[in-house]
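Asker: Mind looking at a prediction? Sequence and model below.
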Amino acid sequence: MTGFGKVTTELPSKKVTIEIKALNSKQLDLSTRFPSVYKEKEMEIRSLLLQTLERGKVEFNMHIEYIGKDIPTQINRAAVESYYNQIKSIADDIQIGLPADWFQTILRLPDTIKSEFAEIDENEWNTILSTIKKTIQQLQEFRTQEGKMLYQLFEQKIGNIHKLTEQIGEYEVERIEKIKARIIDNLEKVAEKDYDKNRFEQEMIYYIEKLDINEEKTRLDNHLKYFISTIKEGHGQGKKLGFIAQEIGREINTLGSKSNHAEMQKLVVQMKDELEQIKEQILNVL
């Protein structure tokens with residue numbers, strides 16, 4: 001959802017610059033800043049941004065640079081003269097001179113600056129609106145480029161998890177044999193104790209079945225395939241990808257809890273690391 005767009009257009013008496021920034025957010029968090037002369041257009045602008053950008057922390061800025069002789073802000077000459085006469089009269093009465101910065105002081109007093117807001121020219125506004133749309137398009141193109149990079153990243157990370165899952169399979173037989181050997185070795189240490197061998201075999205089978213990870217590997221493989229197919233479905237899959245990533249995490253955690261094997265646990269840690277990088281970047285997906 002990260003993006004940036006900036007477009008400038010020049011009108012007869014002003015230069016208008018539109019700048020839009022977008023960062024990650026679960027919903028649309030929109031803030032706008034523009035000159036008060038266009039205050040009446042706020043809802044139109046917000047509606048356009050909401051329809052096109054959908055999600056993200058979005059900052060919209062409109063800056064105007066006046067390039068003609070006429071500007072909407074004027075010094076109120078009558079107010080300045082009135083303030084000056086009053087200050088000078090008081091200064092004469094108490095026999096002190098006017099301060100050196102009297103003019104700057106007066107300009108900070110109320111009503112010395114006045115703004116004249118003319119009605120918005122529709123032709124001018126249409127040009128500005130077109131500039132806003134171009135800026136949005138520029139931001140969307142930025143997002144599209146980022147999306148292509150994310151797609152490649154996701155494919156790489158999902159592929160890495162798949163390869164690590166296959167490597168886990170290399171240790172399964174060895175793991176089961178080690179578990180059997182450890183249990184038998186412990187029983188031999190208490191050889192004087194009599195036990196039901198048939199019952200022992202049943203318990204051994206039950207215990208080994210509990211440690212079997214074939215189901216987890218199958219579900220994990222299905223989740224990985226589903227993640228990739230969901231990416232290819234196109235627009236608006238960010239939340240769905242987040243849910244699939246949670247399911248992938250559950251299967252990886254179960255693999256870790258069942259592994260009982262140092263090398264397998266190392267592989268599980270690597271899988272978790274790959275998944276965390278996926279989760280971080282999913283926030284960038286609409």
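Answerer: Cool, got the structure.
Asker: Please make it C-alpha for all contacts and neighbour counts, starting now.
Answerer: Noted.
Asker: Show me where the stretch 51-200 of the chain has its helices.
Answerer: Ranges of helices in the stretch 51-200 of the chain, per DSSP state H, counting those that start in this stretch, are 77-93, 102-107, 122-169, 172-189, 197-211.
Asker: can you tell which of those is closest to residue 266?
Answerer: Distance to residue 266, taken as Cα to Cα, is lowest for helix 122-169 among those, at 9.6 Å.
Asker: returning to that earlier point: so which of the helices of the stretch 51-200 of the chain is the most surrounded?
Answerer: helix 122-169 (a mean of 16; mean count of other Cα atoms under 10 Å).
Asker: Direction-wise, compare it with helix 172-189 and give the angle.
Answerer: Calculated by axes from the mean of the first three to the mean of the last three Cα atoms, to 10 degrees, helix 122-169 forms an angle of 50 degrees with helix 172-189.
Asker: Tell me the helices and strands packed up against helix 122-169.
Answerer: strand 3-10, strand 14-23, helix 42-53, helix 214-232, helix 262-282 (3 or more Cα pairs under 8 Å, 6 or more residues apart in numbering; DSSP states H and E).
Asker: Which among these is found nearest to residue 105?
Answerer: Between those, strand 14-23 lies closest to residue 105; by Cα to Cα that is 29.5 Å.
Asker: Show me which residues of the closest one are buried.
Answerer: Within strand 14-23, the residues that qualify as buried are 16-23, counting by 16 or more other Cα atoms under 10 Å.
Asker: I'd like the next helix or strand past it.
Answerer: Next along the chain after strand 14-23, taking DSSP states H and E as the criterion, comes strand 28-33.
Asker: helices or strands up against that next one?
Answerer: Using 3+ Cα pairs under 8 Å, 6+ apart, strand 28-33 sits against helix 42-53, strand 56-66.
Asker: Can you mark which positions in that strand are buried?
Answerer: Neighbour counts using 16+ other Cα under 10 Å place 28-30 of strand 28-33 among the buried residues.
Asker: Single out whichever of these has the smallest pLDDT.
Answerer: Among the buried residues of strand 28-33, residue 28 has the lowest pLDDT, at 84.
Asker: ok, for residue 87, nearest residue in space, not its chain neighbours?
Answerer: residue 98 (7.8 Å; Cα to Cα, 6 or more residues apart in numbering).
Asker: Can you report phi and psi for that neighbour?
Answerer: Per-residue torsions, residue 98: phi -70, psi 140 (degrees, to the nearest 10).
Asker: Contact partners for it?
Answerer: 87-88, 91 (Cα atoms under 8 Å, 6 or more residues apart in numbering).
Asker: out of the helices and strands packed on helix 122-169, which comes closest to residue 164?
Answerer: Per Cα to Cα, nearest to residue 164 of the helices and strands packed on helix 122-169: helix 262-282, 6.1 Å.
Asker: residues in contact with the closest one?
Answerer: Applying Cα under 8 Å, 6+ apart, the contact partners of helix 262-282 are 150, 154, 157-158, 160-161, 164-165, 167-168, 171, 238, 241-242, 245, 248-249, 252-253, 255-256, 259.
Asker: As CSV, the helices and strands packed on helix 122-169 with mean pLDDT and distance to residue 75 would be great.
Answerer: CSV is the format used below for those (pLDDT from 0 to 100; distance: least, Cα to Cα, whole Å):
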stretch, mean pLDDT, distance to residue 75
strand 3-10, 93, 26
strand 14-23, 92, 20
helix 42-53, 91, 27
helix 214-232, 91, 59
helix 262-282, 92, 52
